[in-house]
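Chemist: have a look at this fold, sequence not included:
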């Protein structure tokens, strides 16, 4: 199996030492970080939206198209065999990264959003009927609200929302009270993209399972920053996106427990998700192919596998510690500025600092900072219910990756002071 894994990403970046990294050296692996914006060096602080890609990942994708490009699973010629090995090697690497029991528990999808929609449209429709209840939390991204909202409307079920406190933390005692005999599903974010809150997933899953309720975890912001062990969490489903993990856009993974995936009907139909087709009936393929209809994004899977290889060499334990230092440093620097208020002050946070400034709209802040080469995100961050909970229309958000530096945060703070002076 190791030989198959190696085919998805040949070699590792020389700048990386096992379970460690040096920020200045790591930055050299990311070509886009060296560009200038409006004549200023780029300070890229929008990693919760998407991360930049190391040359290692770019090279893996390019190499696939230059040397191995062929369709998979459907031919006996050498190129097809090599492409198939690269694709399946990426699956095995991701399985190991998540500590899934088997590689067939790893389903390639277009991203976390499609993974959630897949579960809602198959598992959800099987389990949820009139009068049933689906629990989500008040800090969810739209992609973990709308699919369940639509499903509840279609099935005559009720969407129940678990509240958060003024720090942006989930109220576990209130969550516990929401479970009833009608509860059929709990959907919870691992790390809030708008607040940075890290939820205690293992404890939440245990709580839900005690009531016989399966759990889907939105790991789009969790997997890039924290060590993920789906067996230890014991979650039933976990979704993630490659583009937030230094990999390509347009591909992600749905992890699901094998026994649940086997019970679920196909999400889409077409080639490769079948064993046999006649005009009378179709026999569906086994896992994971039952959920991977048509020609997949093979190059994307190869790039995702390369991104995982890159992350493994850095070691997410070190990443989490360093990024927490960046969060604390950024929070302290911003709070030195009169009129700045941080939104989301949970005890357990990861890689996100959202803030508002008195009498200055976030969009104006983002526009002015951009002129100084500082890239942040402004708006509701696809989390409008979070904004409503805190009584604000939008926030400015700085979000970090392991290639960010305290010097970039200093530039953010200095530019923000200039913005405030302009508006005064």
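Modeler: Received it, and whenever you're ready, just let me know what you need. Note that the coordinates shown come from a computational prediction; the quantities given were computed from them, not determined experimentally.
Chemist: and the strands in the stretch 1-150 of the chain?
Modeler: Ranges of strands in the stretch 1-150 of the chain, per DSSP state E, counting those that start in this stretch, are 36-37, 40-41, 43-44, 106-109, 133-137.
Chemist: strand partners of the fourth one, parallel vs antiparallel please.
Modeler: This points to strand 106-109. Strand pairing for strand 106-109, using DSSP bridges, gives strand 252-256 (antiparallel).
Chemist: and if you look at the first one?
Modeler: Using DSSP bridges, the strands paired with strand 36-37 are strand 40-41 (antiparallel).
Chemist: pLDDT averaged over the strand it pairs with - what is it?
Modeler: For strand 40-41, the mean per-residue pLDDT is 97.
Chemist: circling back: kindly reformat the strands of the stretch 1-150 of the chain as TSV containing distance to residue 194 and mean neighbour count.
Modeler: C-beta here means a position set from N, CA and C on the backbone, and glycine is covered the same way. Shown next, in TSV, are the strands of the stretch 1-150 of the chain (distance: least, CB to CB, whole Å; neighbours: other CB atoms under 10 Å):
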stretch	distance to residue 194	mean neighbour count
strand 36-37	25	12
strand 40-41	27	14
strand 43-44	19	24
strand 106-109	23	24
strand 133-137	12	23
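Chemist: what's around the residue nearest to residue 103 when sequence neighbours are not counted, how many residues?
Modeler: Nearest residue to residue 103 in three dimensions, chain neighbours excluded: residue 95, at 4.4 Å (CB to CB, 6 or more residues apart in numbering). By other CB atoms under 10 Å, the residues close to residue 95 number 22.
Chemist: hang on, residue 95 packs against residue 102?
Modeler: Yes - using CB atoms under 8 Å, residue 95 is in contact with residue 102, at 7.0 Å.
Chemist: which residues touch the residue most central in space within the chain?
Modeler: In the chain, the centroid-proximal residue (CA atoms, centre = their mean) is residue 220; its distance is 1.3 Å. Residues in contact with residue 220 (CB atoms under 8 Å, 6 or more residues apart in numbering) are 111, 112, 141, 143, 190, 193, 239, 240, 241, 244, 252.
Chemist: related to what we said a few turns ago, format the strands of the stretch 1-150 of the chain as TSV; extra columns: distance to residue 385.
Modeler: Listed next are the strands of the stretch 1-150 of the chain as TSV, based on distance: least, CB to CB, whole Å:
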stretch	distance to residue 385
strand 36-37	32
strand 40-41	35
strand 43-44	28
strand 106-109	24
strand 133-137	9
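Chemist: give me the contact list for stretch 54-69.
Modeler: 8-10, 12-13, 29-31, 79, 82-83, 86, 246-248, 298-300, 302-303, 305-307, 309-310.
Chemist: that one spans what distance, first to last residue?
Modeler: 21 Å (CA to CA, to the nearest Å).
Chemist: buried residues in it?
Modeler: If you call a residue buried by 16 or more other CB atoms under 10 Å, then stretch 54-69 has these buried ones: 54, 56, 57, 58, 59, 60, 61, 63, 64, 68.
Chemist: taking the contacts of stretch 54-69 one by one, which sit in helices?
Modeler: Judged by DSSP state H, those include 79, 82-83, 86, 298-300, 302-303, 305-307, 309-310 as members of helices.
Chemist: and those residues, which two are the farthest apart?
Modeler: Pairwise distances across the ones in helices among the contacts of stretch 54-69 (CB to CB) peak at 25.6 Å, for the pair 79 and 310.
Chemist: ok so, going back, which of the helices or strands spans the residue nearest to the centre of the chain?
Modeler: For residue 220, there is no helix or strand it lies in under DSSP states H and E.
Chemist: and it, how far from residue 345?
Modeler: Using CB to CB, to the nearest Å, we find residue 220 at a distance of 22 Å from residue 345.
Chemist: alright, that wraps it up for me.
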